[in-house]
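Undergrad: missing the sequence, but the structure's below:
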């Protein structure tokens, strides 16, 4: 169907989709396709005879609130509550969050998952309770801040109402996104899926080559394969600001010879990733005068401006900086930070831009970063952190890390699992693990155990840990590496997001690993694997399992958080409840 402007309706399977807003100079068409399994795809097209700004548009529909218990969105973090229709929705763009929302029931069953194909531009999704009818008013808002004209636009709304686990509906969304033109994920080097040492919480900006190398020697022996050298290498300033960034010269007072430093890390046997702030140019940098009129805005609190990637020389400067560092220092990867700061807040009439759209310019910049760095080193690693974890970010990088949550095991669990559910094959890393060296060993172990289903990063001064902490870390890193194929590539079930995922299982063909993070009963379901690991993610001294059928005779080995065997026995496990004595942050294995 085709009409211009104002209101358009189209219906399917009891849903009426209403498109409102826009400019009358655009012809708009809507079309629907529905699969036999219950997936609806609504395609919308806009066309004008010349480039214009289309004006804000909104696509709406309703869903009766029946068996809907909570709402999952990648930007919600711990809060999975239902919203009301007068609240704001969930905003996403290429470098922030992702356009997807799941309404699910108490058992984790999908009631409606809706996602949008345009992950580049700013899009706002919402599912808000309409009190008068006990319905959800669902919507997708477009072009709310579009400042560059377009002549055509096409996008698709994906709606999944199948009665399947919410994890499966999200997995199908990420697979759908990855098939869209321009959304193909980058390959992931195997090293990106192995434990790493990170300098940020250990040193912050007060690092030195010698101190980093000392930590790497210990970390390598414990199972870490790479080091991420974070902010601080480029400046004498340790005040955490960005007024001095932009030149990206090594501060020799900390690292006298970067290439020699990288070579020594390589000799230890580790890969080397280096931190850069992509958009920021500091007011005290040498290049400030060159770029001060080519900014999207200024952030006075940081003492920095945000570079405008719509200028080709800005993009070339950024990419050329990384290429030179890669060649000169033999780096293995980059931690590219703050890409969600490319926001237009400062009007400029400076000529020389080859893009009008900021999102399109950012896409060009980050796509070229990956392609040009891969041309130099095909197995290059590029890490981005939450909330830049959307489908286009999988093209720009191959490692996603949880948003900063130092010393917060619960938040790290929540954030890593939120990212995992949408990341597909992209490596998902925990925020670097840190804890007080005077913590009881079991408490320190919970930092690791809560991020078991993500690649671990460690950021403590290893030579200042007590021996019991080192034994704990050595044990859990060894277990993680041994079981990483199941932990990373197995089928992931993460129960009750609204309760911060208290029960999580990764399953392979013949084994499964279940982590229990609360005082709840663990039920493996009807399919009990030959080898079943149960991790006690609490400080209790037992876990209760419930079997829907007998799992027969099993050999049982119990270990504490340092890997010491505390019990071995053989027992028949009939259908029903079974309390299992597992030390805090310890693990049990049941083998047929």
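TA: Received, thanks. Just so you know, these numbers come straight off a predicted model, no measurement behind them.
Undergrad: all helices of the stretch 401-550 of the chain, in order?
TA: 409-423, 441-449, 467-482, 484-489 (DSSP state H, counting those that start in this stretch).
Undergrad: Mind listing what's buried along the longest one?
TA: Looking back up the chat, that one is helix 467-482. Neighbour-count burial for helix 467-482, with 16 or more other C-beta atoms under 10 Å as criterion, is recorded at 469, 470, 471, 472, 473, 475, 476, 477, 479, 480. From N, CA and C alone the C-beta is placed, and that goes for glycine too.
Undergrad: by contact count, what packs against that helix?
TA: Helices and strands touching helix 467-482, by 3 or more C-beta pairs under 8 Å, 6 or more residues apart in numbering; DSSP states H and E, are helix 209-222, helix 441-449.
Undergrad: So which of those is nearest residue 169?
TA: Closest approach to residue 169 among those (C-beta to C-beta): helix 441-449, 27.7 Å.
Undergrad: Now do the closest one: distance to the chain's middle.
TA: 22 Å (C-alpha atoms, centre = their mean, to the nearest Å).
Undergrad: can you check stretch 512-523 too?
TA: For stretch 512-523, the distance to the chain centre is 23 Å (C-alpha atoms, centre = their mean).
Undergrad: try stretch 103-112
TA: For stretch 103-112, the distance to the chain centre is 22 Å (C-alpha atoms, centre = their mean).
Undergrad: Can you check the distance spanned by that stretch, start to finish?
TA: One end of stretch 103-112 sits 5 Å from the other (C-alpha to C-alpha, to the nearest Å).
Undergrad: next one: stretch 570-579
TA: 15 Å.
Undergrad: buried set for it?
TA: Those buried within stretch 570-579 under the rule 16+ other C-beta under 10 Å are 573, 578.
Undergrad: just to revisit the earlier point, same list (the helices and strands packed on helix 467-482) but as a markdown table, adding mean pLDDT.
TA: Shown next, in a markdown table, are the helices and strands packed on helix 467-482 (pLDDT from 0 to 100):
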| stretch | mean pLDDT |
| --- | --- |
| helix 209-222 | 99 |
| helix 441-449 | 99 |
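Undergrad: Return the most buried member of the ones you listed.
TA: Comparing the helices and strands packed on helix 467-482 by mean neighbour count (mean count of other C-beta atoms under 10 Å), helix 441-449 comes out on top with a mean of 24.
Undergrad: which residues touch that one?
TA: Defining contact as C-beta atoms under 8 Å, 6 or more residues apart in numbering, one finds that helix 441-449 is touched by 407, 409, 412, 433-436, 456, 466, 468-469, 472-473, 476, 515, 535-537, 539, 561-562, 583-585.
Undergrad: that older thread, now, among the buried residues of helix 467-482, which is nearest to residue 421?
TA: Closest approach between the buried residues of helix 467-482 and residue 421, by C-beta to C-beta: residue 480, at 19.6 Å.
Undergrad: tell me the contacts of the residue nearest the centre of the chain?
TA: The C-alpha lying nearest the average C-alpha coordinate of the chain belongs to residue 419 (C-alpha atoms, centre = their mean; 3.7 Å). When the contact criterion is C-beta under 8 Å, 6+ apart, the partners of residue 419 are 74, 386, 389, 400, 402, 428, 454.
Undergrad: Give me the PyMOL select line for the residues you listed, limited to the buried ones.
TA: Only the buried entries of the contacts of residue 419 go into this PyMOL selection, using 16+ other C-beta under 10 Å:
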select buried, resi 74+386+389+400+402+428+454
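Undergrad: Among the contacts of residue 419, name the ones in strands.
TA: Among the contacts of residue 419, DSSP state E puts 400, 428 in strands.
Undergrad: got JSON lines for the contacts of residue 419, with pLDDT too?
TA: Conversion of these to JSON lines gives the following (pLDDT from 0 to 100):
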{"residue": "74", "pLDDT": "96"}
{"residue": "386", "pLDDT": "97"}
{"residue": "389", "pLDDT": "97"}
{"residue": "400", "pLDDT": "99"}
{"residue": "402", "pLDDT": "98"}
{"residue": "428", "pLDDT": "99"}
{"residue": "454", "pLDDT": "99"}
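Undergrad: from the chain's centre, how far out does stretch 323-330 sit?
TA: Distance, centroid of stretch 323-330 to centroid of chain: 27 Å (C-alpha atoms, centre = their mean).
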